[in-house]
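# what's the 3D shape of this:
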Amino acid sequence: MLYENAMQAADLIREKTSYRPKIAVILGSGLGSLGEQIENADYIPYADVPHFPVSDVAGHAARFVFGKLKGREIVFMQGRFHYYEGLSMRQVCFPVYVLHLLGIRTIVITNACGGINTQFTPGDLMLIEDHINMIGANSLIGENDERFGVRFPDMTEVYDVSLRKLAMTCAEELSITLRSGVYGYFSGPCYETAAEIRAYKALGADAVGMSTVPEATAANYLGMHILGLSCITNMATGIASKAHSHEAVLAAAEKSGKVFSELLSEVLCRIPVED
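Coordinates of the predicted model:
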């Protein structure tokens with residue numbers, strides 16, 4: 001039923017907007033402000049879309065924003081779904097399947113996360129080179145529908161090399177420091193223990209967070225071009241000098257929002273668009 005449900009959702013969205021973008025952006029916690037800059041916007045609450053789950057996580061507006069950014073058609077997701085909310089992985093990634101059926105060919109997935117690499121500092125932006133999924137769940141588990149993709153998709157290059165080069169070029173031109181590293185996926189909702197962070201560091205993770213990997217895995221399966229961008233809002237447990245809170249994460253993400261928006265806006269306007 002995944003294909004049929006996603007098609008119903010896509011059909012409803014087509015009825016509510018005349019925009020037909022090829023690029024989508026998932027905005028993470030505290031990073032939703034860029035969606036407010038879109039011109040002549042059509043707003044579609046997730047609650048109005050068939051088969052969409054409901055999220056109550058603070059910092060997520062829970063809606064699609066369709067419109068133009070510097071003349072280019074874009075759709076933003078202001079808010080996402082998380083495995084820790086008790087949803088299935090298919091529910092978490094359902095919007096990605098809907099975007100695919102709407103004709104999205106490139107997806108930019110953003111997040112707020114904790115830094116493990118001690119060369120990073122809160123407020124840094126990080127380009128995702130690769131990820132580590134150690135939670136024992138995969139967003140592709142379950143019956144496979146060949147209309148979406150193959151049973152055993154390759155994961156050699158989840159995060160598109162050409163898009164990563166473009167992001168680095170844009171950052172250099174804007175004099176914005178853009179780190180690069182591996183994103184470690186943690187299920188949440190609790191923050192990681194110091195021992196878990198040491199384990200992730202030993203495995204090669206530079207940052208850790210509670211999103212992005214399920215969506216990137218699904219988008220890769222669907223054949224999308226993927227760019228992953230993280231905002232380092234805090235240093236991880238055992239590295240940070242104080243306890244974590246979601247409120248502090250949101251505040252840090254919003255503080256970095258101007259630089260993040262400047263970079264992402266430039267990247268979005270220069271991504272090659274496929275027919």
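# centroid-nearest residue for this structure?
The residue lying closest to the centre of the chain (CA atoms, centre = their mean) is Ile109, at 2.6 Å.
# could you export stretch 137-148 as CSV, CA atoms only?
Coordinates of each C-alpha in stretch 137-148 appear next as CSV, following Å, rounded to 0.1, in the frame of the first residue of the first chain:
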residue,chain,number,x,y,z
ALA,A,137,16.7,-0.4,12.0
ASN,A,138,16.6,0.5,8.3
SER,A,139,14.0,2.6,6.5
LEU,A,140,13.9,0.0,3.6
ILE,A,141,12.9,-3.0,5.8
GLY,A,142,9.7,-4.5,4.6
GLU,A,143,8.0,-5.5,1.3
ASN,A,144,9.8,-4.0,-1.7
ASP,A,145,7.8,-2.3,-4.5
GLU,A,146,9.8,-2.4,-7.7
ARG,A,147,7.9,0.8,-8.9
PHE,A,148,10.0,2.7,-6.4
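# for that stretch, what is the average pLDDT?
Per-region confidence: stretch 137-148 scores 96 on mean pLDDT.
# so what's the closest residue to Ala195 other than its chain neighbours up against?
Spatial nearest neighbour of Ala195, excluding adjacent residues (CB to CB, 6 or more residues apart in numbering): Gly238 at 7.9 Å. Using the backbone N, CA and C atoms, a C-beta is placed for each residue, glycine as well. For Gly238, the contact set (CB atoms under 8 Å, 6 or more residues apart in numbering) comprises Thr193, Ala194, Ala195, Ile197, Arg198.
# where along the stretch 51-200 of the chain do the helices fall?
Using DSSP state H, counting those that start in this stretch, the helices found in the stretch 51-200 of the chain span residues 89-101, 161-173, 194-203.
# distance to Gly149, mean pLDDT and mean neighbour count added to the ones you listed, as CSV?
Shown next, in CSV, are the helices of the stretch 51-200 of the chain (distance: least, CB to CB, whole Å; pLDDT from 0 to 100; neighbours: other CB atoms under 10 Å):
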stretch, distance to Gly149, mean pLDDT, mean neighbour count
helix 89-101, 9, 97, 23
helix 161-173, 20, 98, 16
helix 194-203, 27, 96, 15
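# need those in TSV (columns: distance to Gly184).
Compiled in TSV, these are given as follows (distance: least, CB to CB, whole Å):
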stretch	distance to Gly184
helix 89-101	17
helix 161-173	18
helix 194-203	4
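# for Ala9, which of those is the nearest?
helix 89-101 (4.6 Å; CB to CB).
# quick one: residues in contact with the closest one.
For helix 89-101, contacts defined as CB under 8 Å, 6+ apart pick out 2-3, 5-7, 9-10, 13, 24, 26, 46, 49, 51-53, 75, 77, 80-83, 107, 137-142, 148, 214-215, 217-219, 222, 224.
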